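K.L.:
I need the structure of the sequence given here:
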Amino acid sequence: MKIPVIELTPEEFELIRCIPFSPKRELLSQEEYACASSAAVSLMRSLLKRKVIPKIRLYYFVDADFNSRSRKSHKEIFEINGTSGEDIYKHPHFWPFLHYFIFGPDLREEIKEAFLRIVGSEEYISGSDIPKLRQFVRDQTRNYGLYPKKASEEFYKLALEC
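P.N.:
Okay, the predicted model is just below:
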């Protein structure tokens, strides 16, 4: 079992460099925001046209059943707040989703590999496996000093990909 990796074109790689995925995206000047927004739209168009975003990652964004914190999909939340169509891609709050579409769950590689080893060692996962996985997630969150709320969502994404 492996986490899907998206091979980016040189043009897509250049577009990524224009998008601030870190929290400092909130501090962009008008010019930086315009550049990043344009790059995000172009990048999404390209990724969607090439059909390289894994389906589970798209479902996480468009399907309410995959939103662990709301009865609405992440896309619906943008729309309820007045942003729709490609304007969603321009929004700084969308850029973490774009990062996830490309790079997968935002966890250290060694954590992902260990999680995959645990999950991959079982023929199927049942309720009796949950305590072991829960303990693993807690241990990794503590060992690496991860912010628990963010870590829980990233582990959820990782579990979806499995």
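K.L.:
find the residue at the geometric middle of this structure.
P.N.:
Nearest to the mean C-alpha position of the chain, by C-alpha atoms, centre = their mean, lies residue 100 at 2.5 Å.
K.L.:
thought that residue was touching residue 157?
P.N.:
Yes: under the criterion of C-beta atoms under 8 Å, residue 100 makes contact with residue 157 at 6.5 Å. No exception for glycine: its C-beta is placed from N, CA and C like everyone else's.
K.L.:
how far off centre is the helix or strand bottoming out on mean pLDDT in the chain?
P.N.:
Lowest by mean pLDDT, DSSP states H and E among the helices and strands of the chain is helix 109-120, with a mean of 91. Distance of helix 109-120 from its chain centroid, counting by C-alpha atoms, centre = their mean, to the nearest Å, is 17 Å.
K.L.:
again, but for stretch 17-24
P.N.:
Counting by C-alpha atoms, centre = their mean, stretch 17-24 comes out at 14 Å from the chain centroid.
K.L.:
which helices and strands sit right next to the least confident helix or strand of the chain?
P.N.:
On a contact count with 3 or more C-beta pairs under 8 Å, 6 or more residues apart in numbering; DSSP states H and E, helix 109-120 meets helix 130-143, helix 148-161.
K.L.:
rerun at 6 Å
P.N.:
The contact analysis (3 or more C-beta pairs under 6 Å, 6 or more residues apart in numbering; DSSP states H and E) places helix 109-120 against no helix or strand.
K.L.:
before we move on, the earlier item: state the helix or strand in which the residue nearest to the centre of the chain lies.
P.N.:
helix 95-103 (DSSP states H and E).
K.L.:
quick one, that helix and helix 148-161 angle?
P.N.:
Following axes from the mean of the first three to the mean of the last three C-alpha atoms, to 10 degrees, one obtains 40 degrees for the angle between helix 95-103 and helix 148-161.
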